[in-house]
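1. the sequence and its predicted three-dimensional model are supplied below.
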Amino acid sequence: MIYTVTFNPSLDYIVDVTDFKTGVVNRTTGEKIFAGGKGINVSMVLKNLGMSNTSLGFTAGFTGNEIKRLLAKKGVDTDFIEVEDGISRINVKLRSNEESEINGQGPAITEDNIKKLYEKLDCLKESDVLVLAGSIPDVMPSSMYMDIMKHLEGRGINIVVDATRNLLTNVLPYKPFLIKPNNHELGEIFGVEITDKDDVIKYAKKLQEQGARNVLVSMAGDGAVLVTEDGQEFKANAPKGKLKNSVGAGDSMVAGFVYGYLKSNDYKQAFIYGVCTGSASAFSEELATKPEVEALIDKWDSASN
């Protein structure tokens with residue numbers, strides 16, 4: 001079974017405004033509302049690919065209820081913990097001459113809420129997959145990912161971590177199954193600028209030396225790199241297509257990789273699915289669907305990757 005954790009889910013309110021101006025009334029020309037959060041994105045893409053999973057995390061108030069309703073409408077199973085104080089956040093993305101974002105705070109998660117999360121995690125079994133993705137709310141310990149991995153150590157659970165900086169590096173001693181930084185995040189960890197795939201491989205291997213089993217690095221329009229625990233190295237150029245929405249592309253890559261690996265038990269196939277799923281989301285206004293992913297896989301040119 002696959003589980004994802006989103007500590008601070010959101011309602012993402014995306015509005016289009018022609019020639020936005022401050023200090024006056026602006027009218028939208030288009031608007032959409034989605035359930036948001038990196039773990040939630042992974043869950044939705046996995047479901048789109050036909051793979052059942054359960055989304056965990058914390059919700060609160062009427063916005064939390066709407067997040068659950070939207071996920072249920074997509075067929076995603078949820079087992080969120082209800083937080084009493086506050087509401088699940090609303091994130092506003094304004095698309096006009098330039099893009100602007102306003103992100104909400106989220107509810108006041110308590111120690112008792114966190115304890116309930118651990119109780120749910122204790123139900124995971126050997127060979128289950130747990131995806132930890134995204135930022136940690138300020139009201140929670142900054143060591144949360146590391147604490148979870150330490151708590152689950154030795155149980156045979158394959159843990160995927162998609163996070164930045166200390167959230168990522170702190171978990172490495174607990175040997176995560178997969179980590180997915182992008183090339184900029186990888187460079188930040190080591191204090192260098194990384195644009196070349198060979199340099200990505202070099203520094204990905206340094207993360208393996210610190211404990212990561214498999215390192216998948218996204219490079220936006222420049223493709224991706226995978227370094228595996230059995231010594232394989234894969235490079236890929238990005239599939240060709242028109243960028244429509246970069247939000248969720250990295251999460252989709254994680255979902256595609258997990259789907260591909262569980263279906264084939266083969267890292268190359270997992271990598272191909274990861275790259276094509278991430279690209280399919282980038283080429284769509286919404287998250288990737290299975291037909292969109294398979295269309296890109298059918299065009300995969302092994303000679304150029």
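-> Received it, and whenever you're ready, just let me know what you need. Residues are numbered from 1 along each chain as shown.

2. ok, now which ones touch Gly106?
-> Contacts for Gly106 were tallied using C-beta atoms under 8 Å, 6 or more residues apart in numbering; they are 8, 10, 58, 60, 86, 88-89, 137, 139. No exception for glycine: its C-beta is placed from N, CA and C like everyone else's.

3. quick one, helices of the protein?
-> 38-48, 61-73, 111-121, 144-152, 165-169, 183-190, 197-209, 249-264, 267-282, 290-298 (DSSP state H).

4. tell me which of these sits nearest to Lys235.
-> helix 197-209 (4.9 Å; C-beta to C-beta).

5. keeping just the C-alphas, turn the closest one into PDB.
-> Output of helix 197-209 as PDB, limited to C-alpha atoms (Å, rounded to 0.1, in the frame of the first residue of the first chain):
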ATOM      1  CA  LYS A 197      24.000  16.300 -15.700                       C
ATOM      2  CA  ASP A 198      27.500  14.900 -14.900                       C
ATOM      3  CA  ASP A 199      27.800  17.200 -12.000                       C
ATOM      4  CA  VAL A 200      24.300  16.100 -10.900                       C
ATOM      5  CA  ILE A 201      25.500  12.500 -10.800                       C
ATOM      6  CA  LYS A 202      28.600  13.500  -8.900                       C
ATOM      7  CA  TYR A 203      26.700  15.300  -6.100                       C
ATOM      8  CA  ALA A 204      23.800  12.700  -6.100                       C
ATOM      9  CA  LYS A 205      26.400  10.100  -5.300                       C
ATOM     10  CA  LYS A 206      27.600  12.200  -2.400                       C
ATOM     11  CA  LEU A 207      24.000  12.000  -1.000                       C
ATOM     12  CA  GLN A 208      24.200   8.300  -1.400                       C
ATOM     13  CA  GLU A 209      27.300   8.200   0.600                       C
END
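
6. quick revisit: so of the helices of the chain, which one's packed in deepest?
-> Using mean count of other C-beta atoms under 10 Å, the stretch among these with the largest mean neighbour count is helix 38-48, at a mean of 28.

7. tilt between that helix and helix 249-264?
-> 50 degrees (axes from the mean of the first three to the mean of the last three C-alpha atoms, to 10 degrees).

8. give me the contacts around helix 38-48.
-> Here helix 38-48 has contacts from 2, 4-7, 9, 35, 52-57, 67, 71, 74-76, 131-134, 162, 248, 250-252, 254-256, 258-259, 277, 281, 287-290, using C-beta under 8 Å, 6+ apart.
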